[in-house]
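Chemist: Need coordinates for the following:
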Amino acid sequence: MSDHASVFSESNPFTQPLFEQLKKHPKRIVFPEGEDARVLRVAERMVSMEIGVPILLGDRARILAMAKGLGVSMDFVRVIDPVKSSDFQLFCERLERIERYRGLKGVDVEEVISKPHYFAAMMVQYGQADACLGGNLVEPAGVFRPLLHLIKPDFNVPKVFAVTVLTSDTLPNFGESGVLFCADTGLIPEPKVEDLASIAAETGMLAHHHLGRRVRVGLLSHSNHGSSPTDEARKMQGAAELAREKVSFEDCLVDGEIQADVAIDPAAAEVKLPDAETRPRADVLVFPSLDAAHISIKLLKHIAGAASYGRIIRGLTKPAGQVPRTATEETILGTAAALGVEAIQYRQLYPGS
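Modeler: From the prediction side, this is the model:
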């Protein structure tokens, strides 16, 4: 086993519990963009930590040659060329039935399934892998489109959305545990009230699952509890009211509409909401638009130095995620671990699946 530990950070309040759970219940994570040095190092790291079975898609000879050149061990790492896989024809037949059911004709199913992201989605949907993580080499749409096309949606979630998890042990007011869950960071440009309520409730439950305690959810706005009578503020206020009906009070406390400083800084909350009770820092931030979320995440990561994991895609019945093309090995590893833990939860909820 080669030593590439230097490219990985020490575990943090978000990743440490993930690694501990996966050592007890390792999961199979498929990486559709397997011809990437970062993914090769992550795969080796997953095996050395005994947290999962990595499955890399791509040209087998090229991947093995890359690994040899990098000095990366491929022991216990599966490498699959979709077209040469024993599952290729089976997946083609299943896609043909899906398209026939949808009333679509003239689809070249072999061409579609030969694409690694569609093959990976099929693997997850039909139990050949527990989760899928891509985006390290392609645009986000290249990851989202196959997942939305082939993985069954969770009908309890109105629209599929994405969560990015940030951690920092140096920045002040970074959640109660040094972890922030931010949504939607990937899929809904201008969410409606119902969308925002679902995003708040689902992300709150995700944070509760990972942190193991009651969490606080803040729906962000330029307004604090009616201080500005704009349509945008009322939208966040309505979403907060609707989200409260979707969650257990013991698991999540939903606050909104609320300004960002009030959500994360108790001192600011004391000044701006003097009659309110002392409030802990928010663990979940729900943004009014995709622009606001995306810009905030990039600033926190690239200026403030926060570690970033995800996007974790929510609203599908199987775990899947997308990382940016600038992702570090640490980001890819932590996101893969988060998806593995989501797969554990899925197995617990649906033991017969």
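
Chemist: What segments of the stretch 101-250 of the chain are strands?
Modeler: For the stretch 101-250 of the chain, applying DSSP state E, counting those that start in this stretch gives strands covering 131-134, 161-167, 179-183, 215-220.

Chemist: now those strands as JSON lines including distance to Leu242 and mean neighbour count?
Modeler: No exception for glycine: its C-beta is placed from N, CA and C like everyone else's. Listed next are the strands of the stretch 101-250 of the chain as JSON lines, based on distance: least, Cβ to Cβ, whole Å; neighbours: other Cβ atoms under 10 Å:
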{"stretch": "strand 131-134", "distance to Leu242": "30", "mean neighbour count": "30"}
{"stretch": "strand 161-167", "distance to Leu242": "15", "mean neighbour count": "25"}
{"stretch": "strand 179-183", "distance to Leu242": "15", "mean neighbour count": "27"}
{"stretch": "strand 215-220", "distance to Leu242": "10", "mean neighbour count": "26"}
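
Chemist: So for Pro280, which of the ones you listed sits nearest?
Modeler: Pro280 sits nearest to strand 215-220 of all those, at 5.8 Å, using Cβ to Cβ.

Chemist: Show me where the stretch 1-150 of the chain dips below the pLDDT cut-off.
Modeler: By pLDDT under 70, the weakly predicted segments of the stretch 1-150 of the chain are 1-6.

Chemist: ranges for the helices of it?
Modeler: In the stretch 1-150 of the chain, the helices defined using DSSP state H, counting those that start in this stretch lie at 15-24, 37-49, 60-70, 88-101, 109-113, 116-125, 140-150.

Chemist: Equivalent analysis for the stretch 201-350 of the chain, please.
Modeler: With DSSP H, counting those that start in this stretch as the criterion, the stretch 201-350 of the chain has helices at 231-244, 260-264, 266-272, 290-302, 329-349.

Chemist: Any idea which of those gets closest to Leu64?
Modeler: Closest of the helices of the stretch 201-350 of the chain to Leu64 is helix 329-349, at 19.3 Å (criterion: Cβ to Cβ).

Chemist: Check what contacts stretch 229-246 and list those residues.
Modeler: With Cβ atoms under 8 Å, 6 or more residues apart in numbering as the test, stretch 229-246 has contacts from 192-194, 196-198, 200-201, 204, 217, 219-223, 225-227, 254-257, 286, 288.

Chemist: what do you get if the cut-off is 7 Å, keeping everything else the same?
Modeler: If you take Cβ atoms under 7 Å, 6 or more residues apart in numbering as the criterion, stretch 229-246 is touched by 193-194, 196-197, 200-201, 219, 221-223, 226, 254-257, 288.

Chemist: State the pLDDT value of the closest residue to Ser228 other than its chain neighbours.
Modeler: Distance criterion Cβ to Cβ, 6 or more residues apart in numbering; nearest residue to Ser228, sequence neighbours excluded, is His222 at 6.1 Å. Confidence at His222, expressed as pLDDT, is 97.

Chemist: rewinding a little: tabulate the helices of the stretch 201-350 of the chain (a markdown table), appending mean neighbour count.
Modeler: As requested, the helices of the stretch 201-350 of the chain are exported to a markdown table (neighbours: other Cβ atoms under 10 Å):
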| stretch | mean neighbour count |
| --- | --- |
| helix 231-244 | 19 |
| helix 260-264 | 21 |
| helix 266-272 | 15 |
| helix 290-302 | 16 |
| helix 329-349 | 22 |
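
Chemist: Would you mind giving these as TSV with distance to Gly127 and mean pLDDT added?
Modeler: Below are the helices of the stretch 201-350 of the chain laid out as TSV (distance: least, Cβ to Cβ, whole Å; pLDDT from 0 to 100):
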stretch	distance to Gly127	mean pLDDT
helix 231-244	33	97
helix 260-264	40	96
helix 266-272	46	91
helix 290-302	32	96
helix 329-349	11	90
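
Chemist: Redo those as a markdown table? Include distance to Ile51.
Modeler: Shown next, in a markdown table, are these (distance: least, Cβ to Cβ, whole Å):
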| stretch | distance to Ile51 |
| --- | --- |
| helix 231-244 | 33 |
| helix 260-264 | 31 |
| helix 266-272 | 36 |
| helix 290-302 | 24 |
| helix 329-349 | 6 |
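
Chemist: and Arg213, which of the ones you listed is closest to it?
Modeler: Within those, the stretch nearest Arg213 is helix 329-349; the backing value is 16.1 Å (Cβ to Cβ).
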